[in-house]
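just need the structure, nothing else, for what follows:
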Amino acid sequence: MKRLPAAALSLLLLVLVTAAATWFTSPRVIRHLLEQQATRAGLELRLEQVGRLRWGSISCGMLELSTTSTPSWNLSLDNVRLTWSTSLSPATALKQFQEGSLLVETVIEAGQATLHLPDRNLKLSDSGSELSAAIMLQRSADEGWKAVPQQLDYAITDASLDINTLHLGGISYPFSFCRDNDWKQQTAPLGISSIASNDAPLPARNFSAQIALSPELLGSELITLERCSVDLMEWKASTPALTYDNTASTAIFTLHLDDISLNEPGVTGTFSGYLPLTVTPKGITLRQGSLKSAPGSELFVRSSDGHPLATLHPAGRGTETLQDINAEIRFEGPLDRLTSLRVTDASTRLFDGNVGITNGIYQLDEKRTVLPLTLQNIQLNDVIELEGDFSASFNLPVSGTLPLVISERGLGIEAAELASPGIALITHHPEPDSTRAASTDLFTTAALPVSYTLSSPSVLLDRSPTGKITIDFRLSEFVREKGRDKQLLQEPGGKLTLFADPGEPAVITLEHFRAGFLGGSIGIETVEYNISRHQAQFVLQLDNVPLQKLLSLQGVNKVLASGSVRGTLPVSIDGPVFEIHQGAMSAAQNGTITYQTSEEEMSAAHQGLQTTYTALSDFRYNTLQAAIDIAPDGESFIALQLKGHNPEFQDGREVHLNINVEQNLLDLLRSLTISGAVEQAITEKAQQQ
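The predicted structure is shown next:
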């Protein structure tokens, strides 16, 4: 390599001197003279399609120059044109030539130039190359005429370099050697637009740096690049200086990320930071890095129709979003035959918690990244803000595993397991809607705030690269409060599926839902809910729900009951209204119903009513069945059938009671209870006896 510039200069000078002496000779003579001179210099020269000399120029179809020594190299030029000229007038040039001194400017142009070093499996290619030289022709009494180089310039503009399977594309660098500067290359900008290994692009492009490239550089102990910058994916990174220890094959530098824009769909703001790096042939070590989000940086979660649902504030818990970033990244294979990058140990602080990676990998051939994140006590309070008429507080230190898979198809999550011992409180503040009848609105019957408390959530999460999300969830408790109404679900759990059908992004599927309710349980086997149209159909299942607790929810104080009920309620939701068609409930086992009357009621009642009161004072039922229908307008019909006896009434003979309740029972369904209408119906039934 060290002999290459000198050999090129010698060849150029040889061409000039020979051309001057053989102005009218044939191309064959010129080729013969050039090949002889190359042989004396220890080089092999091959010329093809050499044209005739013209005034100030000569051309050839191909020129190959190679060394006969070790290490070997080969230089090939296609469509070559050599020109020479002087800035002087012909008379002045002739005068200086006669005086023994003339400065000649020479240019070699080539359509394609290729340098090949087979011993190092290296090939440098450049298209549209141009090499210019300033040469002083001098005559002395002792040596006669000789050519003394003054300057050599070669500006690479779009070259490529291949070393084994490592490919560097879009290389630019202005070589310039000057006699007055002892032929030393000065510091100049080096550019590399793309880097690939095994034909797989690396996540780094548009590299630039200031460096003085020269053959002697390869033998230096320390190589320094200044004012370096590179695009990492879509991020602009830089370092003021990169020092490479040639002996230890180690590069040490601090990568700066300044004002990286996050203005992408769903994201806005900027972040900055620094990453102290040590690069060796085996891998990359990162120690004590830091990234921080600028105030106002946000990540948005939107509904299928584009409305904002929540905002993530990366800087919500401090200026540094990621603190104490540490990582060990190992190269899989030599750098010039790299197959993958493996993250063997990485950690950072995030939202007052810890994030770690123990075995991540980036596969170059598949362009696929696997990052199995481990989360520990990630604090979400002051980070997540709900939009619209919702507010929330998240006392939820999240821990678990979050395996991310990033490929050309998109972002995937495989079997993430996340849990928290904390509590999330979500409050809905509905605005009054004068166009909607309060009695027929399932969700906003009044403009009262509704709060939801989620305790100790745990989820199993998957996301396909196409966007389909499945969530298996469990809670220790779910509490809904509205005014003085409080409803509790114990250990609710099920499976949610979102974005399963790209054509129906607003559809959410809930499967295998189960929850403890009032000492019993409720469940939904499957339901598809359309968020945009507020439509769904499902069957609500009740099992072993204590009858007394259903009555107590509505403050029924004259009826005491034992036993439990089970049943199914087919529910249809369409916008703000709902419908139940052919719902059925029945007793899970025998029980009692006691209708309590005061002395005043008993004394005021006629004989027939007193008899009914007596029968219901300790009614022991063996059959309790209810048929339930609720129309979309809220009008309801409940047919209640009771069979049983009172041991203190008529020697315990069996009594059959059929009670029909017709009224608007939306409020009853909201709490899944039988309201005080049952109490009224029993009174009316007794009065008919």
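
C-alpha only now, for contacts and for neighbours.
Noted.

tell me, how many neighbours does residue 406 end up with?
Per other CA atoms under 10 Å, the neighbour tally for residue 406 reads 16.

buried residues in the helix or strand hosting it?
For residue 406, the host element (DSSP states H and E) is strand 397-407. Across strand 397-407, burial judged by 16 or more other CA atoms under 10 Å covers 397, 398, 399, 400, 401, 402, 403, 404, 405, 406, 407.

just list the residues touching the first one, thanks.
Going by CA atoms under 8 Å, 6 or more residues apart in numbering, residue 397 touches 376, 377, 378, 379, 380, 420, 421, 422.

phi, psi of the second one?
When read as degrees, to the nearest 10, the backbone of residue 377 gives phi 60, psi 50.

any idea which element the residue most central in space within the chain lies in?
Central residue of the chain (CA atoms, centre = their mean): residue 411, 5.6 Å from the mean position. Using DSSP H and E, residue 411 sits in strand 410-419.

could I get the contacts of residue 397 as a markdown table with neighbour count and secondary structure?
Below are the contacts of residue 397 laid out as a markdown table (neighbours: other CA atoms under 10 Å; DSSP: H, G, I helix; E, B strand; the rest coil):
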| residue | neighbour count | secondary structure |
| --- | --- | --- |
| 376 | 21 | strand |
| 377 | 19 | strand |
| 378 | 19 | strand |
| 379 | 21 | strand |
| 380 | 22 | coil |
| 420 | 22 | coil |
| 421 | 16 | coil |
| 422 | 14 | coil |
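
which of these lies closest to residue 458?
residue 420 (6.4 Å; CA to CA).

for the stretch 1-150 of the chain, which segments count as strands?
43-50, 57-67, 74-85, 101-117, 122-140, 144-163 (DSSP state E, counting those that start in this stretch).

where in the stretch 151-300 of the chain is pLDDT low?
215, 218, 262-267 (pLDDT under 70).

same question for the stretch 551-689 of the chain.
In the stretch 551-689 of the chain the weaker segments, taking pLDDT under 70 as the threshold, are 553-556, 608, 663-689.

all helices for it, in order.
599-604, 607-616, 666-670, 676-688 (DSSP state H, counting those that start in this stretch).

export the first one to PDB, keeping only CA atoms.
Put plainly, it is helix 599-604. C-alpha atoms of helix 599-604 as PDB (Å, rounded to 0.1, in the frame of the first residue of the first chain):
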ATOM      1  CA  GLU A 599     -97.600  -4.400  64.500                       C
ATOM      2  CA  GLU A 600     -99.300  -1.400  63.000                       C
ATOM      3  CA  GLU A 601     -99.400  -3.100  59.500                       C
ATOM      4  CA  MET A 602    -100.700  -6.300  61.000                       C
ATOM      5  CA  SER A 603    -103.500  -4.700  63.000                       C
ATOM      6  CA  ALA A 604    -104.500  -2.500  60.100                       C
END
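
other residues contacting it?
610, 613.

quick one on the thing from earlier: which one of the buried residues of strand 397-407 is nearest residue 47?
residue 407 (49.6 Å).

isn't the closest one right next to residue 365, touching?
No - in this structure residue 407 lies outside contact range of residue 365 using CA atoms under 8 Å: 11.0 Å.

and residue 484, backbone torsions?
phi -90, psi 0.

same deal with residue 597?
phi -120, psi 150.

oh, and call the first residue 54 from now on, that's how I've got it
That works, and once the first residue is 54, the last one we named lands at residue 650.

got the contact list for it?
611, 666.

ditto for residue 214
Neighbours of residue 214 in contact, by CA under 8 Å, 6+ apart: 175, 176, 177, 178, 220, 221, 222, 224.

dump stretch 468-479 to CSV, keeping only the CA atoms.
Extracted C-alpha coordinates of stretch 468-479, given in CSV (Å, rounded to 0.1, in the frame of the first residue of the first chain):
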residue,chain,number,x,y,z
ALA,A,468,-45.6,-13.6,26.2
ALA,A,469,-45.0,-10.5,28.4
GLU,A,470,-45.8,-11.0,32.0
LEU,A,471,-46.4,-7.8,34.0
ALA,A,472,-47.8,-7.3,37.5
SER,A,473,-48.2,-4.7,40.3
PRO,A,474,-49.2,-4.9,43.9
GLY,A,475,-50.5,-1.3,43.7
ILE,A,476,-53.7,0.4,42.9
ALA,A,477,-55.0,2.4,39.9
LEU,A,478,-57.8,4.9,40.4
ILE,A,479,-59.6,6.0,37.3
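
next one: it to chain centre, how far?
21 Å (CA atoms, centre = their mean, to the nearest Å).

over to stretch 199-210?
50 Å.

could I get the strands of the stretch 54-203 of the chain in TSV, plus columns for distance to residue 313?
Formatted as TSV, those follow (distance: least, CA to CA, whole Å):
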stretch	distance to residue 313
strand 96-103	52
strand 110-120	48
strand 127-138	43
strand 154-170	38
strand 175-193	33
strand 197-216	28
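
who's in contact with stretch 161-173?
124-136, 175-185, 216.

buried subset of those?
Applying 16+ other CA under 10 Å to the contacts of stretch 161-173 flags 126-136, 175-180, 182-185, 216 as buried.

got the domain boundaries for the chain?
Split into domains by automatic domain parsing, the chain comes to 54-239, 555-741.

could you dump those to a markdown table with distance to residue 250?
Converted to a markdown table, the domains of the chain look like this (distance: least, CA to CA, whole Å):
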| stretch | distance to residue 250 |
| --- | --- |
| domain 54-239 | 5 |
| domain 555-741 | 35 |
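
out of those, nearest to residue 398?
domain 54-239 (26.0 Å).

chain center to that closest one, what's the gap?
Worked out by CA atoms, centre = their mean, domain 54-239 lies 52 Å from the chain centre.

ok, the closest residue in space to residue 582 that isn't next to it in sequence - contacts?
In space, and not counting its chain neighbours, residue 582 is closest to residue 589: 4.6 Å by CA to CA, 6 or more residues apart in numbering. Each residue near residue 589 by CA under 8 Å, 6+ apart is listed here: 580, 581, 582, 583, 625, 626, 627.

just the buried ones out of those, please.
Counted by 16+ other CA under 10 Å, the contacts of residue 589 give 580, 581, 582, 583, 625, 626, 627 as buried.
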